[in-house]
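Asker: return a 3D structure for these sequence lines:
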Amino acid sequence: MGVTRNKTDIEVPHSQNEIGNPEARVHAPSQGPLKTYFGFSLHMSADDFITKLLQQDGGFEFPETDLVTRLLRPGDVCIDAGSQVGYYSCLLAKCVGTSGRVYAFDANPAACQTTRRNADFNGFSNIEVIHAALGNDYGSTPFYVSTDDQSGLSSLGALPVYKEIISVPWLRLEDFLNERKLQRIRLLKIDVEGAEEITLRGLGVQLAAHRIDFVLLECFDERLRLLDTSTEKVAGLLSSAGYLAWEFGMASPNTWSRTDQMISRGDCNYLFGSPSSSDSVPVISMAGVIAAAQRKQPALKNQQEEFSKPGFSPAQALWSHREKLAAMQTRIQELYKAVDSPGEMSLYQWAQFTATVLEFQPDLIIELGRRAGNSTACFLEAAYQLGGGQCKVVSLCLDSTWRQFTSERLKKVVSKGWFLPGQIVEENILTFDFQAALAGSKRCLVFWDAHGFEVAECVLGALLPLLLPRQHLVLMHDLSDLRYSSPDPNYGTTGLWKGENAEQPALWLGWIFSRVAQSISILDFTTRNNIPLYSADESIHEELSSVPAKASALQALLGADMASMQSHWFWFTLNGAPQSLTFPSFSPQASLERFDRLATFDATLNSTGWQLLQRWRKGMNSLVPVGSKRRKAYNSVMRRLRRKSNS
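Answerer: A predicted model of the protein is given here:
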């Protein structure tokens, strides 16, 4: 039997298809990552039946899932026979930890590809995926691939309805255990659509030697008949080898109980334990508790409608587009140097925002606030990379730095066509016609980096209602997550934060750290409307930083500056909001008047006359201190002069 290498250099049997190579025809799953109740996420086909179960409940087969989490220990070795999308493979890998090992087998090449992808996505380097049909024979065998909506029903048995027949290599588990020198298997989970008996017979003498502590398998006659076997034969084989059977929910609800009478069941699997291990089977199941908790926590229910693109994750966007970012690295550094304003945005934020655009693929980006234009250049480059005039960038800011300086420097680095997607305007956000800008847009990304309560009222009261019928993301700059950053909590010599753009005082709101007014406004809005405010820092930490293999791979590929495990931005969406929304009232005229008053006040504070007055007061306080006899005499003289002047 020949071998080929997969992406992780694991030797796997090589199969030949009757109509061609099946690996060459496998299509990537179309469903975004669905977060499970058990702390890992899965990519899978949107059409698959299991996808619907995960969307609804965050997991499936709760009695079996709960059972294996309580049977397994760090360092254990497990076998997932019939991995399908990798749900059990990932669950087992999480339970056994980095010191353990999971061997995942499937005869369907598409299932192997999906399992590998999910193992890689979750950072489970302890999963090895092997493409083979488990049985008690050598050579190859026909395999019936089921339709896309029931890919888990593919079988070695002849299906009445199938998509195609492929040829796959046989593999005996006894040979595999001996070859890998595996002395003890903690759990063998088998779900191979009727091939359970031949899988067990492929263990040879190892079954009776009890090298496997527990066997979790399906005994469903409807599937077993496909290969001329039955529940009675499967149970008899295990019983004759000395294994004891456990069933769920038959003697009493939510319990695993010993049984000697196995019947065909399509609703739950049986557990078989070796004589020396059966005393560690937990009798009371937590499946009901898990399901109840799941119903009470809608945030874990994979309500993909809440996301403009199902399962959107800044970390996953960065990971998925790491190769593209690596190819763009020199270009990004050239643009970053040309903008020449590193204090506004870090290179790692540039990489993350670019990855977000490449992942979300908007047709319109609205940038609120620009200054020198780091984010402007970032989004123009991302739009350029999308190509085909797919994405337009509308940038709003009163600052003229882009027109006067930044664009001129960028012209030395980019072509004229690079600027074409951009509508870079010097206009007040409060009076901008967002409805006209959004005309024809179906997927909009908003980058909110303009400060002040007036701007926040405009965004929340005028712009967001227009985004409701469109797929959208709103990214918020200048907000940090205190769970993943460590600013000094002491006030020191500073007072309270009293307004935006403060140099020293800052706001600590829950786990949000910020110096900008919109942080208060967005917390108020999302809390009133029960909308999650997501932290990019949390995403990067949980999905990348906490997975050393991924973090190291990113740093090796992108360098320390672009692959830093920081973010300092948040995001939200109204798509799929669980209730009707309430928006603040916004009057452009009233907001503009308040804005003008504040601008006039700021201009006064910065005027030469005001600065001279402040210097005079400072000198006065130095020469004639408050409370001194000289100050009292001075005040007395000034009062007499004022009375004389008034008379």
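
Asker: can we go C-alpha only for contacts and neighbour counts from here?
Answerer: OK.

Asker: confirm residue 103 sits in a helix?
Answerer: No: applying DSSP: H, G, I helix; E, B strand; the rest coil, one finds residue 103 to be strand, outside a helix.

Asker: partners of it in the sheet?
Answerer: According to DSSP bridges, the residues that bridge with residue 103 are residue 79, residue 128.

Asker: thought it was touching residue 124?
Answerer: No: contact criterion Cα atoms under 8 Å: residue 103 and residue 124 do not qualify, at 11.8 Å.

Asker: okay, those two: which has more neighbours?
Answerer: More neighbours surround residue 124 than the other of residue 103 and residue 124, with 23 against 19 (other Cα atoms under 10 Å).

Asker: which residues touch that one?
Answerer: 90, 93-94, 98 (Cα atoms under 8 Å, 6 or more residues apart in numbering).

Asker: mind checking how far it is from residue 109?
Answerer: Residue 124 is 20 Å from residue 109, where distance means Cα to Cα, to the nearest Å.

Asker: what does residue 212 give?
Answerer: Separation of residue 212 from residue 109 (Cα to Cα) stands at 26 Å.

Asker: same check on residue 581?
Answerer: 46 Å.

Asker: between the two, which is the more surrounded one?
Answerer: Using other Cα under 10 Å, the more surrounded residue of residue 581 and residue 109 is residue 109, with 24 against 15.

Asker: any idea how far that one is from residue 625?
Answerer: For residue 109 relative to residue 625 (Cα to Cα), the value is 86 Å.

Asker: same check, this time on residue 74
Answerer: Taking Cα to Cα, one finds residue 74 at 72 Å from residue 625.

Asker: quick one: the strands in the stretch 501-647 of the chain?
Answerer: 507-509, 512-514, 534-535, 569-572 (DSSP state E, counting those that start in this stretch).

Asker: comparing these, which yields the minimum mean pLDDT?
Answerer: Here the strands of the stretch 501-647 of the chain differ in mean pLDDT, and the lowest is strand 507-509 at a mean of 87.

Asker: now do that one: distance to the chain's middle.
Answerer: 25 Å (Cα atoms, centre = their mean, to the nearest Å).

Asker: partner strands of it, parallel or antiparallel?
Answerer: strand 512-514 (antiparallel).

Asker: just give me how far the partner strand sits from the chain centre.
Answerer: So, by Cα atoms, centre = their mean, the centroid of strand 512-514 is 22 Å from its chain's centroid.

Asker: contact partners of it?
Answerer: 478-482, 506-508, 519.

Asker: show only the entries of those residues found in helices.
Answerer: residue 519 (DSSP state H).

Asker: for residue 39, the count of nearby residues, please.
Answerer: Neighbours of residue 39 (other Cα under 10 Å): 12.

Asker: buried subset of the contacts of residue 124 as a PyMOL selection?
Answerer: The PyMOL selection below is limited to those of these classed as buried (16 or more other Cα atoms under 10 Å):
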select buried, resi 90+93+94
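
Asker: geometric centre of the protein: which residue is closest?
Answerer: Residue closest to the average C-alpha location in the chain (Cα atoms, centre = their mean): residue 313, at 3.2 Å.

Asker: just send the contacts of strand 512-514 back as a markdown table, with neighbour count too.
Answerer: Listed next are the contacts of strand 512-514 as a markdown table, based on neighbours: other Cα atoms under 10 Å:
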| residue | neighbour count |
| --- | --- |
| 478 | 20 |
| 479 | 23 |
| 480 | 25 |
| 481 | 24 |
| 482 | 17 |
| 506 | 22 |
| 507 | 19 |
| 508 | 16 |
| 519 | 25 |
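
Asker: need the contacts of strand 512-514 in CSV (columns: distance to residue 385).
Answerer: Below are these laid out as CSV (distance: Cα to Cα, whole Å):
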residue, distance to residue 385
478, 26
479, 27
480, 28
481, 30
482, 33
506, 37
507, 37
508, 38
519, 31
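
Asker: pick the one among the contacts of strand 512-514 closest to residue 495.
Answerer: Proximity of those to residue 495, judged by Cα to Cα, is greatest for residue 506, which lies at 9.4 Å.

Asker: tell me the pLDDT at the residue nearest to that closest one when sequence neighbours are not counted?
Answerer: Nearest non-adjacent residue to residue 506, counting by Cα to Cα, 6 or more residues apart in numbering: residue 515, 4.7 Å away. Residue 515 is assigned 88 on the pLDDT scale.

Asker: please report phi then psi for residue 515.
Answerer: Backbone torsions of residue 515, given as degrees, to the nearest 10, read phi -120, psi 20.

Asker: got it, and residue 270?
Answerer: As for residue 270, its main-chain torsions (degrees, to the nearest 10) stand at phi -100, psi 150.

Asker: cool, residue 439 as well?
Answerer: The phi/psi pair for residue 439 (degrees, to the nearest 10) is phi -60, psi 120.

Asker: quick revisit: and the residue nearest to residue 506, how many neighbours?
Answerer: Residues near residue 515, counting by other Cα under 10 Å: 23.

Asker: next one: residue 538
Answerer: Using other Cα under 10 Å, residue 538 has 21 neighbouring residues.

Asker: residue 102 too?
Answerer: Neighbours of residue 102 using other Cα under 10 Å come to 28.

Asker: which ones are touching residue 473?
Answerer: Residues near residue 473 by Cα under 8 Å, 6+ apart: 308, 444-446, 571-573.

Asker: in stretch 538-552, what counts as buried?
Answerer: Buried residues in stretch 538-552 (16+ other Cα under 10 Å): 538-541, 543-545, 547, 550-552.

Asker: could those go into a markdown table alongside pLDDT and distance to residue 380?
Answerer: Output for the buried residues of stretch 538-552, formatted as a markdown table (pLDDT from 0 to 100; distance: Cα to Cα, whole Å):
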| residue | pLDDT | distance to residue 380 |
| --- | --- | --- |
| 538 | 90 | 27 |
| 539 | 91 | 25 |
| 540 | 93 | 24 |
| 541 | 90 | 28 |
| 543 | 88 | 28 |
| 544 | 91 | 27 |
| 545 | 90 | 28 |
| 547 | 86 | 32 |
| 550 | 88 | 28 |
| 551 | 89 | 27 |
| 552 | 89 | 29 |
